[in-house]
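J.: Attaching a predicted model along with its sequence, questions to come.
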Amino acid sequence: MPYVLLALAIASEVTATLSLRASEGFTKPVPSVVVAVGYLVSFFLMAKALTALNVGPVYAIWSALGTVGAFVGGALLFDEPVRPLGVAGAALVVVGVVVMSLGGGVRHG
């Protein structure tokens, strides 16, 4: 169950981040509300996941998959450029999280 909460936290964070772009500097009300609610929901769900998981790897997973999700979402929704160096950077972020999780574990105890 904590991994489901973490996955939902990541999805909520990515939605909020993409809505931040869509809000055009908080000038559009609907995306602006999605930003605020999305981040609140994301932090709430991550806090619940942290009752069973270790903070370091969880935060690394949350931030890395959020970064990759925003990268992919920006390309798909806003036609942002996808360059080989950017893809390599995203892959390095994911590899780093995998190494960190393998080294420290994610469960309490």
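T.: Done, it's in.
J.: Going by neighbour count, which residues in the longest helix along the chain are buried?
T.: Counting by DSSP state H, the longest helix found in the chain is helix 55-78. With burial defined by 16 or more other C-beta atoms under 10 Å, the residues of helix 55-78 counted as buried are 57-58, 60-62, 64-71, 73-74. C-beta here means a position set from N, CA and C on the backbone, and glycine is covered the same way.
J.: so what's the one residue sitting closest to the centre of the chain up against?
T.: Here the mean C-alpha position of the chain is nearest to the C-alpha of Gly66 (C-alpha atoms, centre = their mean), at a distance of 2.0 Å. By C-beta atoms under 8 Å, 6 or more residues apart in numbering, the residues touching Gly66 are Ile10, Glu13, Val14, Thr17.
J.: How about it: what's its closest non-neighbour residue?
T.: Glu13 (4.6 Å; C-beta to C-beta, 6 or more residues apart in numbering).
J.: Quick check: the one you found touching Ser42?
T.: Yes. In this structure, Glu13 is within contact of Ser42 by C-beta atoms under 8 Å, at 4.0 Å.
J.: For those two, list the residues in contact with both.
T.: In contact with both Glu13 and Ser42: Trp62, using C-beta under 8 Å, 6+ apart.
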